[in-house]
Each structure stands twice: as C-alpha cells, then as structure tokens.
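[1] Just a sequence and a predicted model for now, questions to come.
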2 protein chains.
Amino acid sequence: MFSKACEYGIRAVIYIAQKSLNEERASLKDITAEIDSPEAFTAKVLQQLAKAKIINSLKGPNGGFEIGKDKIDSIKLSQIVNALDGDSIYKGCGLGLKVCNANEPCPVHDKFTSIRSELRKMLENTSLFELATSLETGLTYLKR
Amino acid sequence: MFSKACEYGIRAVIYIAQKSLNEERASLKDITAEIDSPEAFTAKVLQQLAKAKIINSLKGPNGGFEIGKDKIDSIKLSQIVNALDGDSIYKGCGLGLKVCNANEPCPVHDKFTSIRSELRKMLENTSLFELATSLETGLTYLKR
DNA sequence: TTTAATTCGGACAAATTTATCCGAATTAAA
DNA sequence: TTTAATTCGGATAAATTTGTCCGAATTAAA
C-alpha cells in the first residue's frame, strides 16, 4: 500500500508528535530506536518531511526534530502520505492505465473508486494528534 | 496498490476470459497488443497464472491461453491478485510492523482494517465474468 | 574559541521489481 | 516427417526502491 519510506515516515512523525506534545525534541537516533527503522534511510525521509514543512529540524547539540504543538492537530495523515508517496494512491488507475475515468473506465474502475474514496477520506480526516495521543496513552505501538 | 505484474495479469486474464467466452484462444502477441503491455514480461506473468491453474496454456500452432467457460464465473479477482501479489494487501500492517493486531495495534490499525476489509470483500465478490462482459459490451477498456 | 552533537547532502551499494533475450520444448499443420 | 507457431524456462539487464557511508554545515555548550 505505502512505500517503505512512507511507512517509516508516518511512524517517525507520530513519534515526533508525541515527543513534541511533551515539549521534547526527538533526535534521529532516538527516532530510529523507537520506531525500529534503518537510521540513514530514515534520515533521508525526515529530510523530505522537513522540506515539505511537516516537521521542523534543528542542527547542533540538543538538535533534532519537532513539530509545533499548534500544528499537530491540523496535520493530517494525507499530508504525510502525499509528501512521500505522492497522490497516485488516490488518482492512479487500479490497473495502471494512463487514461481511466468515468467516461472511459477500466473494468475495475467503479469497484475501486468507492474504496479509494474511503481511503482518501480516512487519510484526510485522521489527524496526527489522535495518532500521537493513542501512542502516548499506550493504546498503540510503533514497533514489533 | 498492485504490482505491475499484477496489473498486467488482471488485464490479461480479463481479455483471455472475453475471448474464451467467444470460444477463442488468445496468443501472447494478441494479448500484449490488446492490453498494451511488454511482451516478455507479460509472458512470465501468464506463466505464473498458468501454474496457479487460473488460466490454461497450450503450446504449438494455434496455441495460446484460455479459460474454461465454466470457470469464468467462479474465478474472482482475489484469486488473481493472490497468485501474483500474495496476501500482503489484506494481511500486512499498514505501517509495516511485523506484529500488528487488535491486541497490539499500530496507530492506524483500526482505521485501516475497515478499508482493507472492504477491499477484500470487493476482490472476493468480483467475478471474472462480469469484468469480461463489461469489456465485451464496450463499457470498459483495457488500454489507454 | 574550541569541541562535540547534530542534521544535510551527495555519492555509492544492495535488493527488488520490471523488463528483455534466446534457445528448448511442444505441437498442429503442411 | 518436416516445418513453423507457439509457450516454457533460464540468464541477464535496466530501473526503481531501499539502504549505507561519509564529509560538510550548523550550532549549542564547554
């Protein structure tokens, strides 16, 4: 469904959000330990997310990554996915056709549109805040 | 969502089914021309599908691929997807965790289970017959 | 001012997926 | 029986994704 980069990215952002809610910054090492992901690769992903202004990065001692507390509620899962995997998950044809729409549909077009729209809604309605708090309260996990 | 192999595979199978309903066999060249896919790669995909008993292959002049007319209605999209991409689309964790279930869920587990179950139902309930007939009647397309 | 902790950015490497090539095997038809 | 049309199967190549390495830049703290 998502690329590895996106999987790591989502996990990382949730963790950073959790820390940020507690007024703490997360370093790369911290993050990769907590979400169990390859360090150097995750660094690249975090760079992408920083460029997309989803997270904030600070160099130097006591540096790391953070997210403005006020932003955490307004950031949706869709923004993270979009920054890392683009919009093919919503837009692309299920069978890989370049042209595929209601007028000239592929054989599975109608079957897919409803599911894809559900997925889109879900991603657009899921806030980073709720994901981070479910982690904070110990209801969910980021590794294993 | 699906691999290229799976996209080509689904398109090919739908086309083969359409031909089979008309008592005709489809050769590799025929297929790749109709679904606009790379010939050699598609050949590999068809081999996989033949091994999985989803399609039938015949060598020699006037050979090609076909599907028993009686089977076309009972073959579901899920079988094709499963033969080519496995079951990760249903089973795997949305964030790539090895362990992720209702007891120890990742932060997006609940959000994904409903969508994934919708997808599974759709794939399991969509028969090759309906896809092939929509193609036959000109309502849907396999290339462009 | 120096040091050390950190992210950044570019080059590279490994793994996987996608794709090609070609001879072997099979088989229907000439 | 020969020929030609086809799929099969193995080797290889190209492209993409995933992953690593390392020096440069930045910056807080000693």
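    Everything's here; your move.
[2] What count of nearby residues applies to residue A:66?
    Neighbourhood size, residue A:66 [other Cβ atoms under 10 Å in any protein chain shown]: 18. Where C-beta positions appear, they are placed from N, C-alpha and C, glycine not excepted.
[3] and chain A, which residues reach DNA strand D?
    With Cβ under 7 Å from any atom of the strand as the criterion, chain A meets DNA strand D at residues A:3-5, A:8, A:38-41, A:43-44, A:58-63.
[4] redo that, cut-off 6 Å
    For chain A, the residues in contact with DNA strand D (Cβ under 6 Å from any atom of the strand) are A:3-5, A:38-41, A:44, A:59-62.
[5] Also within reach of chain B: list those from those residues.
    residue A:4 (Cβ under 8 Å from any Cβ of the partner chain).
[6] with the residues of chain A next to DNA strand D in mind, which one is nearest to residue B:17?
    Set against residue B:17, the nearest of the residues of chain A next to DNA strand D by Cβ to Cβ is residue A:3 (32.0 Å).
[7] Okay, helices next: where are they in chain A?
    Here chain A has its helices, by DSSP state H, at A:4-21, A:28-35, A:39-51, A:69-72, A:77-85, A:88-91, A:109-125, A:128-136.
[8] Could you pull out the buried residues of the first one?
    Looking back up the chat, that one is helix A:4-21. Judged by neighbour count using 16 or more other Cβ atoms under 10 Å in any protein chain shown, the buried positions of helix A:4-21 are A:5-21.
[9] what's the weakest-modelled helix or strand in chain A?
    helix A:88-91 (a mean of 89; mean pLDDT, DSSP states H and E).
[10] Quick one: distance of that helix to the chain centre.
    Relative to its parent chain, helix A:88-91 has a centroid offset of 15 Å by Cα atoms, centre = their mean, to the nearest Å.
[11] check whether it contacts chain B.
    Yes. Legend: contact between helix A:88-91 and chain B by Cβ under 8 Å from any Cβ is shown at residue A:89.
[12] Does anything pack onto that helix? Which helices or strands?
    Under the contact criterion of 3 or more Cβ pairs under 8 Å, 6 or more residues apart in numbering or on different chains; DSSP states H and E, helix A:88-91 touches helix A:109-125.
[13] residues in contact with the helix it packs on?
    Helix A:109-125 is touched from outside by A:76-78, A:81, A:89-90, A:93-94, A:100-102, B:111-112, B:114-115, B:118-119, B:122, B:126, B:140, with contacts defined as Cβ atoms under 8 Å, 6 or more residues apart in numbering or on different chains.
[14] List buried residues within those.
    The neighbour count (16+ other Cβ under 10 Å) marks A:76-78, A:81, A:89, A:93-94, A:100, B:111-112, B:115, B:119, B:122, B:126, B:140 as buried among those.
[15] which one in those is the model shakiest on?
    Within the buried ones among the contacts of helix A:109-125, pLDDT reaches its minimum at residue A:89, with 91.
[16] is it true that that residue touches residue A:81?
    Yes. Look at residue A:89 against residue A:81 with Cβ atoms under 8 Å: they come within range, at 6.7 Å.
[17] Find residues that contact each of these two.
    With contacts taken as Cβ under 8 Å, 6+ apart, residue A:89 and residue A:81 have residue A:2 as neighbours in common.
[18] who wins for neighbours among the residues of chain A next to DNA strand D?
    Going by other Cβ under 10 Å, residue A:5 tops these with 16 neighbours.
[19] what does chain A put close to DNA strand C?
    So chain A meets DNA strand C at A:27-28, A:43, A:46-47, A:50, A:57, A:59-65 (Cβ under 6 Å from any atom of the strand).
[20] In ChimeraX, how would I select just the buried ones from those?
    Those of these that count as buried under 16+ other Cβ under 10 Å are selected in ChimeraX with:
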select /A:28,46,64,65
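[21] mind showing which ranges of chain A have poor pLDDT?
    Applying pLDDT under 70 to chain A flags no residue at all.
[22] And residue A:117, how far from residue B:115?
    Note on residue A:117: its distance to residue B:115, by Cβ to Cβ, to the nearest Å, is 10 Å.
[23] Count the neighbours of residue A:53 for me.
    By the criterion of other Cβ under 10 Å, residue A:53 has 10 neighbours.
[24] Angles on the backbone of it, please.
    Main-chain torsions, residue A:53, degrees, to the nearest 10: phi 70, psi 20.
[25] measure residue A:55 to residue A:122 for me?
    To residue A:122, residue A:55 is 22 Å away according to Cβ to Cβ.
[26] Just the endpoints, please. Distance across stretch A:134-144?
    Start-to-end span of stretch A:134-144 (Cα to Cα, to the nearest Å) is 17 Å.
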